[in-house]
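Engineer: could you work out the structure for the sequence below:
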Amino acid sequence: MIIDLHTFNSPIARRLFLFFFLAVTLPIILLVSVTFFQLTDYMAGQHKKELQHDAKYIGMNLFERLQRVSIELPRLAAARPERAFPDVFEGAAGDRISVRLFSGEVTGSPVWLYPGVNTADFFTELGKELTAPAQPGGESLMRIHQLEVSGNEGLFVSLKLAAGDYLAARLQPTFFWDPEQLPHDKLACVVADIEGVVFCNVTPPEDLITALSSARSASSLGSFKWSQAGEPMLAVYWEVFLRNLKMDTNWTVVLSQPEQQLFAATRRFQNTLIIIVLTSILMALMFSIGHLRRVLRPLQTLRDATRRVSEGKLDKPVLITSGDEFEELAVAFNGMTEKLGRQFEQREALMELDRLILSSRDSRSVVKQVLLRAKNFPECQMLLVVVQQEGGVSLRAVRRGSEQEEEHDLVSSEEFGQMMSDLNTESELRITSLPNWLPGLCGTEDCASWLIFPLAVSGLLQGFVLIGTRRQAGLGEEETGWAVQIVGRLSIALTRARWQADLYHQAHFDDLTGLPNRSALKAALTQALDRSRRHDTRVALLFIDLDRFKLINDSIGHAAGDMYLQAVAERILCCVRREDTVSRLGGDEFTIVIADIPSDANIGAEVLAVVSRLLESIPKPVRIGTHDLRSTLSIGASIFPDDGQTIDDLMKQADTAMYQAKRSGGNSFRFYAEEMQAASQERMELEHDMRRALENDQFMLYFQPQVAAGSKQIRSAEVLLRWNHPERGLVSPGLFIPIAEESLLIADIDCWVLNATCSHIRRWLDMGIEPVRLAVNISAAQFQNPKFVDLVKTALANFELTPDRIELEITEGAFIDDLLHAQQVLHELQTFGVRLAIDDFGTGYCSLAYLKKMPIDKLKIDQSFIRDITRSTRDAAIVEVILQLSKQLGLRCIAEGVETEAELSWLVGKGCEIFQGYLFHRPMPLADFEQLLVKGLDANQR
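Structural biologist: As a prediction, this is how the structure comes out:
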């Protein structure tokens, strides 16, 4: 730029130039000076804070590690053998102390324990210090000793247990002075109040210690300056209050660094700033010649303001009073920066709310934080949130300038419902006063109008937000937009909190009963076992399984079964304490955790009290629709710590005990015993092998003929099941049949027996052999299967047999649960043409009422009565009554288990017509029975 010197010929031009020069240079110099000094102070403060933070960090680490030593040393003394050093030391004053000294020669020592074994050299010096008089300030329980013997240094800690009794250990120096924890570019020292320098990462300068003594004040944190070899140094200190650990002294952490190193960047900035300032002034002068004062100064001001805006500094408005277009521009500029400032503040607030929403799971804390952050947005005098939750309607309010919120529980009313109805059709409502059904709140009188926004949670209208303002006209467009964003985020926060609560509930609670699930049970057990270990208490775990619940599902459907389980869950809850945990593992399995049982209490009585209530309450009938459902239960219990130390062990033992109770007949209770585990393992193996037996055709049929009284001709035969195990050989039916019934595998076995029986009959017919009627035993589980009749019909149809070829033997127990269903099934089978017999009559649910209603053809007297009819008048009377009863009802009667001629003679004399037993035929395999059929032998040929 070419400067025209003629411009300065005019006095006005010279005055304007001089005025502009001063107007431009002076503010710049002042601004730069203030900026530089402020920056220098700020950088100095930041460096000091950094040093203080490092000192505090080192101090806290020292405190935590000393505290750890004070906690772990007594434990080490209890868990580790004592050192073989003399443990009694006699001081100069004649006092005697007992010292137990530890070092790190034992495998698994803590990290703070010195790994060497040469601690004996220091024992005498340690004893001297321990017998030395206590320092002023009270007797200490923990002391740190720095000892030097024969040029070797050792760091020791001692804990006073009682008069004359100490625990001591040699410490690992690197545990306290970890090189990785110490700053590498700073001088770091630890100074004790009494002992002096404890540690320095370099040789401790005497000037530093002297300066520290002079600078230390009552405050635990401070700074001072000192000089090292003529170089200015800045140091900070932080006092570690070790007297809180009952030590006799406090330590002070000191960090120091050369000032030249600290302020090198500041000096470089100073030189650069000077160059920039001089260049700016020169350029301003070159471009300012020829411009008028009223043009140049406003432009300079606006330029500076624009720079501040670009740096994000919006707190200083532009002040121009020129009275022309520049002033209008400044006003517009100030309006813009003010609006930008509000938008930035609002954006920061919204970002903070977003972070809070993502990090919080509690809806109450989210609402509180939203209220506290949103109450100061423009024109907001008061903020209220009314939301409907599970417990009812709640109101939370906060007013401008207050850090406290008000909270009220409201009773849901028609007015609230009407307000919600109005908000369903409006995005916002404006009112001049609060509804009278809201409680009186402090500060509402300052609000001239209220704006109501609907609040949706999970897509459903659940409440509203009220914003009170002093303006009668309400909120402006900008404020309304801000309010809408606040309400939207509040809605998201509540929705997310509810969603997380739902997820937690789904993950930890059973959907059907609302009880804790397996995951929650393990969490509760973990806490209970932890408390038990800490407080020396005991924990009982009860496993509950409903007997034959599957039959309820199969007979009347899963919906009724679910309702029955809900009723059972409620009854279980009524039988336990409030603090006990009841959970459902799935199906018909429930558990109870009885925790915090005192070790001196009678735990058996505690458990039996709960069990008694369960055995009394659960079997009572539950009315579901037109059915009265009932089920007994089997309960097993394991005790911590007697029966196991882990959750898995306790659950396995309780499950084993429960199965033992179920095997005893159900509706009973068992404590776990060691022998149960072996029996349980045996049972599991047999159940597994039975399933394989069905797949691999390991089962076989035996037949025991049933003969007539006079002619002793074979009239029919009972089909008996045998199992030829590939490893065990023939397995007794008395062993595997109960397991099959408990596991409900018996239903599949029944199907196999029925189809195998029909297959043999078909084969005999094809061979030209006329078979006798075969009696097939049907279990209660199969009989109560809704598809049982179809299974029988299908089996006969598959082998092209008429229904009279088979006879179904059904025990009385199959009728107990649902007599109406049993009657319908028997009528359908009889109508189809299948012969029906009641097996083991007299041993189960004996009732003349069902006997006269059931369409049966035959009664089968159980062998338990036949066995003693010649010796027991009671058994003889029972059998005689059964024979007379069958004759009166027109039923055929068969005696099972006849083994002697005396039994046969007695039965014939009482009118029995058909017999089965060893006296005539033993159960025989298929080949032998076929030969018997072919030869047409009578009962005398045996």
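
Engineer: for residue 623, give me phi and psi.
Structural biologist: The phi and psi values for residue 623, taken as degrees, to the nearest 10, are phi -80, psi 110.

Engineer: do the same with the one 10 residues further on
Structural biologist: With angles defined as degrees, to the nearest 10, residue 633 shows backbone torsions of phi -140, psi 150.

Engineer: look up how far residue 549 lies from it.
Structural biologist: Noted for residue 633: a distance of 9 Å to residue 549, by Cβ to Cβ, to the nearest Å. No exception for glycine: its C-beta is placed from N, CA and C like everyone else's.

Engineer: now swap in residue 27 and tell me
Structural biologist: 91 Å.

Engineer: and those two? which has more neighbours close in?
Structural biologist: Neighbour totals were compared for residue 27 and residue 549, and residue 549 leads with 20 against 14 (other Cβ atoms under 10 Å).

Engineer: and the closest residue to that one other than its chain neighbours, what is it in contact with?
Structural biologist: The spatial neighbour of residue 549 that comes closest, neighbours along the chain excluded (Cβ to Cβ, 6 or more residues apart in numbering), is residue 588 at 3.9 Å. By Cβ atoms under 8 Å, 6 or more residues apart in numbering, the contact list for residue 588 reads 545-546, 549-550, 565, 568, 631.

Engineer: by pLDDT, give me the weakest of the residues you listed.
Structural biologist: Least confident by pLDDT among these: that is residue 550, with 79.

Engineer: that one contacts residue 744, doesn't it?
Structural biologist: Yes: counting by Cβ atoms under 8 Å, residue 550 touches residue 744, with 5.8 Å between them.

Engineer: what sits in contact with each of these two?
Structural biologist: Joint contacts of residue 550 and residue 744 (Cβ under 8 Å, 6+ apart) are residue 781.

Engineer: so who does residue 803 touch?
Structural biologist: 796, 832-834.

Engineer: swap in 10 Å and give it another go.
Structural biologist: Applying Cβ atoms under 10 Å, 6 or more residues apart in numbering, we find residue 803 in contact with 792-793, 796, 829-835.

Engineer: who wins for neighbours among these?
Structural biologist: For those, neighbours were counted by other Cβ under 10 Å; the highest total belongs to residue 792, with 24 neighbours.

Engineer: can you give me phi and psi for that one?
Structural biologist: phi -60, psi -50.

Engineer: got the contact list for it?
Structural biologist: 751, 754, 758, 776, 778, 782, 803, 806, 808, 825, 828-829, 832, 834.

Engineer: before we move on, back to that, now the contacts of residue 803 in TSV, with distance to residue 515 and pLDDT?
Structural biologist: Output for the contacts of residue 803, formatted as TSV (distance: Cβ to Cβ, whole Å; pLDDT from 0 to 100):
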residue	distance to residue 515	pLDDT
792	40	94
793	42	94
796	46	94
829	41	92
830	45	91
831	45	91
832	45	92
833	49	92
834	44	93
835	48	93
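
Engineer: in helices only, show me the residues you listed.
Structural biologist: Per DSSP state H, helices hold the following members of the contacts of residue 803: 792-793, 796, 829-832.

Engineer: which residues do residue 633 and residue 549 both contact?
Structural biologist: 568, 588.

Engineer: helix or strand with the lowest mean pLDDT in the protein?
Structural biologist: When each helix and strand of the chain is scored by mean pLDDT, DSSP states H and E, strand 88-90 comes last, with a mean of 53.

Engineer: for residue 614, which three-state class applies?
Structural biologist: Put simply, residue 614 is helix when judged by DSSP: H, G, I helix; E, B strand; the rest coil.

Engineer: how close does it get to residue 576?
Structural biologist: 9 Å.

Engineer: more neighbours: the two, which one.
Structural biologist: The residue with more neighbours, out of residue 614 and residue 576, is residue 614; 23 against 18, by other Cβ under 10 Å.

Engineer: just checking, residue 727 touches residue 686?
Structural biologist: No: using Cβ atoms under 10 Å, residue 727 is not in contact with residue 686; the gap is 11.5 Å.

Engineer: ok, those two, which is more surrounded?
Structural biologist: Of the pair residue 727 and residue 686, residue 686 is the one with more neighbours under other Cβ under 10 Å, namely 21 against 5.

Engineer: quick one: buried residues of stretch 755-768?
Structural biologist: 755-758, 760-762, 764 (16 or more other Cβ atoms under 10 Å).

Engineer: dump the residues you listed to a markdown table, plus pLDDT, secondary structure and distance to residue 592.
Structural biologist: A markdown table is the format used below for those (pLDDT from 0 to 100; DSSP: H, G, I helix; E, B strand; the rest coil; distance: Cβ to Cβ, whole Å):
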| residue | pLDDT | secondary structure | distance to residue 592 |
| --- | --- | --- | --- |
| 755 | 94 | helix | 43 |
| 756 | 94 | helix | 44 |
| 757 | 95 | helix | 45 |
| 758 | 95 | helix | 47 |
| 760 | 94 | helix | 50 |
| 761 | 94 | helix | 52 |
| 762 | 94 | helix | 53 |
| 764 | 93 | helix | 56 |
